[in-house]
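>>> Give the three-dimensional model of this entry:
(chains A, B, C, D, E and F)
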Number of protein chains: 4
Amino acid sequence: MGAVKNKRMPRAVREQQMLDAAVRTFGQRGYRAASMDEIAELAGVSKPLVYLYLNSKEDLFTACIRREAKALTDAVRAGVQPGLAADRQLWEGLRAFFTHTAENPDGWAVLHLQARTHGEPFAAEVSAMREELVVFVTQLIVVGAREAHRDPTLPEREVAGLAEALVGAAESLAAWANATPGVSAKQAAATLMNFAWAGLGDLMEGRPWSPPVRCG
Amino acid sequence: MGAVKNKRMPRAVREQQMLDAAVRTFGQRGYRAASMDEIAELAGVSKPLVYLYLNSKEDLFTACIRREAKALTDAVRAGVQPGLAADRQLWEGLRAFFTHTAENPDGWAVLHLQARTHGEPFAAEVSAMREELVVFVTQLIVVGAREAHRDPTLPEREVAGLAEALVGAAESLAAWANATPGVSAKQAAATLMNFAWAGLGDLMEGRPWSPPVRCG
Amino acid sequence: MGAVKNKRMPRAVREQQMLDAAVRTFGQRGYRAASMDEIAELAGVSKPLVYLYLNSKEDLFTACIRREAKALTDAVRAGVQPGLAADRQLWEGLRAFFTHTAENPDGWAVLHLQARTHGEPFAAEVSAMREELVVFVTQLIVVGAREAHRDPTLPEREVAGLAEALVGAAESLAAWANATPGVSAKQAAATLMNFAWAGLGDLMEGRPWSPPVRCG
Amino acid sequence: MGAVKNKRMPRAVREQQMLDAAVRTFGQRGYRAASMDEIAELAGVSKPLVYLYLNSKEDLFTACIRREAKALTDAVRAGVQPGLAADRQLWEGLRAFFTHTAENPDGWAVLHLQARTHGEPFAAEVSAMREELVVFVTQLIVVGAREAHRDPTLPEREVAGLAEALVGAAESLAAWANATPGVSAKQAAATLMNFAWAGLGDLMEGRPWSPPVRCG
DNA sequence: AATGAATGAGTTTTCATTCAT
DNA sequence: GATGAATGAAAACTCATTCAT
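Numbers count the residues shown, from 1 in each chain, chains lettered A, B, ... in the order given. As a prediction, the model looks like this:
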């Protein structure tokens, strides 16, 4: 189904097929509920081959997390043009993030839901990626603050919290946009930008963030 | 462990012991990984009694979700004094929310992580609670906007999106605060209040939201 | 449900209620699938009371078999007028048998299906009753043979086989009559009488058994 | 025990071993009382393999019923020489039937007792086989009647009833013969032939059906 | 490079049965 | 005369994992 079945293929290709099947299965069923049988069948190979190439369910899941994490951070990095103003960079990063997660829902489910829900081998794995995104946002904030001001008065821990909040808001909005007819991903991104950049206080007093003209 | 062991107690009491044990186990291990054996043992009863009172693993999990969801919304409602200014009300709500989630990390893990990660009987159960929080925030925004100027220039749909974003940010932050040693509920609430009320733009320019003096 | 619930009653009455519930449950679900819980609930009493009065599931089932076996043999005996011709007596016996089993389908299921299907404590119990019916038929045959002839040339074992065959045919016909629209119990009984008395050989050559005019 | 134990065999062979074990266990213990553990052990394999090949207890039981039903009808069909006189054909059919049930007592117990005692997925399965036997007998009667005189004076419905009665009698007698030591298949067949062909009336007057000389 | 055959250990769930009152 | 509270033992079923080829 999508994968050509059964015939001798180089190891690298087979592995990607297996990871594809695994991400899909883990993303939809969850780590525990996904069975190696289902994954092998979806990949179009026999179970022993999965074990031969990927050792164990745990290793397989870890491989999924790594692949999907890399894909996501790559996408965000690729979407951002360095050197622009902080708000503009944030906007681009969010767009890239939303686009990628919308196009890879199973991968995102693996990273966001499954990996965090199942004990220690995996949570650490996803933390690494998260750290990378947080660093990205952190630098944005720090650099932005330095530009506007002179001192980086925001302590590191505070910045990490802000990044968490931002990602959580983004996730929520993405789900809401999907569930609410007539709300596009772009509108959702604009709402988030308003929220994150201007804040409720400004919004209530009529000072929204203005989205840049033409940027995509 | 906390529960008096083994002998003849009224059903209502036993049920609470079981739910305590279940919330803890589900919160730490996850829905699938938690075994009824472990829950029964932690509750200090035999497995058949758990089934007699709570029917099935699914029903038990649902009962956990309901109990924890009610406890959380009750806590938030109880923490807010109506009639105050919007930012003050939001602040109080967030404090109550983060305090409760910090005091009940397993309950929060059940609601935020486990219930959403494991398919449809459960996700719907959590949505009801979430909706209640969203409505609370929505009204706050609407009232706050009306106070700030007179026209409701924020369209209804935009308000709904902002509320979603705020609740999502809070949820993520709560999980993060629980997982990060040394972050207190109050600090988490302050971080989110800054983010949500002042916005990143203001923060970068050194204009954080100032927490009200005298608040508990 | 039919039984007045919950209030102090003499033991004999309670026992009958329990047996009623048990016969119904065993007859419909089978011995293993019937649960003491279900029986107790249907009887309108608590489980420990069932154990107090009837000791165990096995004893309860045995008590059901005995009660229903006695009821059936009593019904057949009551339906037959001694002293008549053999064919007439057989006809009456069959009518009584059909009537009773049709009116007590659960009891009949217990005797015919469940008791024989489940190992040794029970099969023996039902054999006793069966023996009684076989004796009845046997005597009919023997006496009839003696009347017509002089010697009882039919050996005992042969007679037991004939009785088995007769009961099997009766059961089959009863089920068939129930399942075939437009066939009354009486017609079924007549068919059986034809079959059993005249035999296929005679029937094929146009010599049916003629049912007695006016008999019940 | 009969099956070579434990090592690497083609699926088809293993499946037959499993069915052998299952028929034996179901036939002796009954559907509910038979445990998959016992069946697996008797078959000389582990439980998971039974599930892998036969899916569930229900499916396993159904497979047993189908296999045994086919074996029985095949045996009867193979035992009958078409073109002979009706009584001769009936005699051959009965001999084949009783021989087969005597050689496969567990299979017959599954078909006659267990399958009918345990609700709807199974009862229907047996009905198909039974119908085949009924049709066989029906045609025999019709043809026999046509040979004996010329008019088919036996109405269709009556014939159907007679066939039901005969099959029911045979079924009962087979179970009885299996349970009664010292009764051979041939004796059982003779008893039934007497009963069904000559009828009790003739028997009492000393006119049994005479079995054909030279038949086995 | 790839697989059909096989299982140990664990899961959820049910049930007959008893104890204390 | 009657019951709410409680359990030991076993059942059906699943799954990650390996072996022999």
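>>> For chain A, what lies in contact range of DNA strand F?
Counting by C-beta under 7 Å from any atom of the strand, the residues of chain A close to DNA strand F are A:Arg32, A:Ala33, A:Ala34, A:Ser35, A:Met36, A:Asp37, A:Lys47, A:Pro48, A:Tyr51, A:Ser56, A:Lys57, A:Glu58. In short, each C-beta sits where N, CA and C put it, glycine included.
>>> which residues sit against stretch A:119-127?
The contact list for stretch A:119-127 (C-beta atoms under 8 Å, 6 or more residues apart in numbering or on different chains) reads A:31, A:58, A:61-62, A:65-66, A:69, A:111, A:114-116, B:29-30, B:33.
>>> Show me just the buried residues among these.
Neighbour counting over those (16 or more other C-beta atoms under 10 Å in any protein chain shown) leaves A:Tyr31, A:Phe61, A:Thr62, A:Ile65, A:Ala69, A:Leu111, A:Gln114, A:Ala115, A:Arg116, B:Arg29, B:Gly30, B:Ala33 as the buried ones.
>>> and the least confident of these?
Within the buried ones among the contacts of stretch A:119-127, A:Arg116 has the lowest pLDDT, namely 84.
>>> what's the domain layout of chain A?
With domains defined by automatic domain parsing, chain A comprises A:11-54, A:59-204.
>>> pLDDT below threshold where in chain A?
Within chain A, the ranges that satisfy pLDDT under 70 run A:1-7, A:142, A:144-156, A:204-207, A:210-216.
>>> For chain A, just list every one of the helices.
Counting by DSSP state H, residue ranges of the helices within chain A are A:11-29, A:36-43, A:47-54, A:57-79, A:86-103, A:105-109, A:115-117, A:119-148, A:156-179, A:185-193, A:199-204.
>>> Take these and lay them out in a markdown table including distance to C:Ala163.
Output for the helices of chain A, formatted as a markdown table (distance: least, C-beta to C-beta, whole Å):
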| stretch | distance to C:Ala163 |
| --- | --- |
| helix A:11-29 | 61 |
| helix A:36-43 | 56 |
| helix A:47-54 | 59 |
| helix A:57-79 | 64 |
| helix A:86-103 | 79 |
| helix A:105-109 | 70 |
| helix A:115-117 | 69 |
| helix A:119-148 | 70 |
| helix A:156-179 | 73 |
| helix A:185-193 | 82 |
| helix A:199-204 | 92 |
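>>> Identify whichever of those lies nearest to D:Asp202.
D:Asp202 lies closest to helix A:36-43 among the helices of chain A, at 65.7 Å (C-beta to C-beta).
>>> still on that earlier bit, could I get the domains of chain A as JSON lines with distance to B:Leu84?
Putting the domains of chain A into JSON lines (distance: least, C-beta to C-beta, whole Å) gives the following:
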{"stretch": "domain A:11-54", "distance to B:Leu84": "42"}
{"stretch": "domain A:59-204", "distance to B:Leu84": "15"}
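>>> and of those domains, who's closest to D:Leu173?
domain A:11-54 (48.6 Å).
>>> Is the closest one positioned near chain D?
No: contact between domain A:11-54 and chain D, assessed by C-beta under 8 Å from any C-beta of the partner chain, is absent, since the two come no nearer than 10.2 Å.
>>> Now do that domain: distance from first to last residue.
End-to-end distance for domain A:11-54: 11 Å, by C-alpha to C-alpha, to the nearest Å.
>>> what do you get for stretch A:105-117?
17 Å.
>>> what about it, distance to the chain center?
Between the centre of stretch A:105-117 and the centre of its chain there are 9 Å (C-alpha atoms, centre = their mean, to the nearest Å).
>>> Likewise for stretch A:165-182?
For stretch A:165-182, the distance from its own C-alpha centre to the chain's C-alpha centre is 13 Å (C-alpha atoms, centre = their mean).
>>> What are the buried residues along stretch A:50-61?
Under 16+ other C-beta under 10 Å, the buried positions of stretch A:50-61 are A:Val50, A:Tyr53, A:Leu54, A:Lys57, A:Leu60, A:Phe61.
>>> between these, which is closest to B:Gly93?
Using C-beta to C-beta, A:Phe61 is the member of the buried residues of stretch A:50-61 that lies nearest B:Gly93, at 37.3 Å.
>>> Just to check, that closest one is in contact with A:Thr25?
No: counting by C-beta atoms under 8 Å, A:Phe61 stays clear of A:Thr25, with 10.3 Å between them.
>>> now, which of the residues of chain A next to DNA strand F sits nearest B:Asn104?
When the residues of chain A next to DNA strand F are compared for distance to B:Asn104 (C-beta to C-beta), A:Arg32 comes out closest, at 23.8 Å.
>>> May I have the residues that are in contact with that closest one?
A:His118, B:Gly30, B:Arg32, B:Ala33.
>>> any idea how far the nearest residue to the last one once chain neighbours are set aside is from C:Glu41?
Taking C-beta to C-beta, 6 or more residues apart in numbering or on different chains, and ignoring the residues beside it in sequence, B:Ala33 has A:Arg32 as its nearest neighbour in space, at 5.7 Å. With distances taken as C-beta to C-beta, to the nearest Å, A:Arg32 is found 36 Å from C:Glu41.
>>> now A:Leu166
Per C-beta to C-beta, A:Leu166 is found 57 Å from C:Glu41.
>>> again with A:His118
Where C:Glu41 is concerned, A:His118 sits at a distance of 42 Å (C-beta to C-beta).
>>> and those two? which has more neighbours close in?
The residue with more neighbours, out of A:His118 and C:Glu41, is A:His118; 22 against 15, by other C-beta atoms under 10 Å in any protein chain shown.
>>> dump the residue contacts of the residue lying closest to the more buried one once chain neighbours are set aside.
Residue nearest to A:His118 in three dimensions, not counting chain neighbours: A:Tyr31, with 4.7 Å by C-beta to C-beta, 6+ apart. Each residue near A:Tyr31 by C-beta under 8 Å, 6+ apart is listed here: A:Phe61, A:Gln114, A:Thr117, A:His118, A:Phe122, B:Arg32.
>>> ok, so of the residues you listed, who is nearest D:Ala198?
Using C-beta to C-beta, the shortest approach to D:Ala198 within these belongs to B:Arg32, at 69.0 Å.
>>> So what does the closest one look like in phi/psi?
Per-residue torsions, B:Arg32: phi -70, psi -40 (degrees, to the nearest 10).
>>> Near DNA strand E, which residues of chain A? Just list them.
Taking C-beta under 7 Å from any atom of the strand as the test, the list of chain A residues beside DNA strand E reads A:6-11, A:14, A:45-49, A:52.
>>> Can you tell me which of the residues you listed has the most neighbours?
Counting by other C-beta under 10 Å, A:Val45 has the largest number of neighbours within those, with 21 neighbours.
>>> Go ahead and confirm that residue touches A:Gln16.
No: with contact defined as C-beta under 8 Å, A:Val45 does not reach A:Gln16; the gap is 11.9 Å.
>>> Identify the residues contacting A:Val167.
Shown in contact with A:Val167 (C-beta under 8 Å, 6+ apart): A:Arg130, A:Leu133, B:Ser172.
>>> and if you look at A:Asp37?
With C-beta under 8 Å, 6+ apart as the criterion, the residues that contact A:Asp37 are A:Lys47.
>>> Distance check, it against A:Pro48.
The gap separating A:Asp37 from A:Pro48 is 12 Å, by C-beta to C-beta.
>>> ditto for A:Arg29
21 Å.
>>> next one: A:Asn194
Taking C-beta to C-beta as the measure, A:Asn194 and A:Pro48 are separated by 53 Å.
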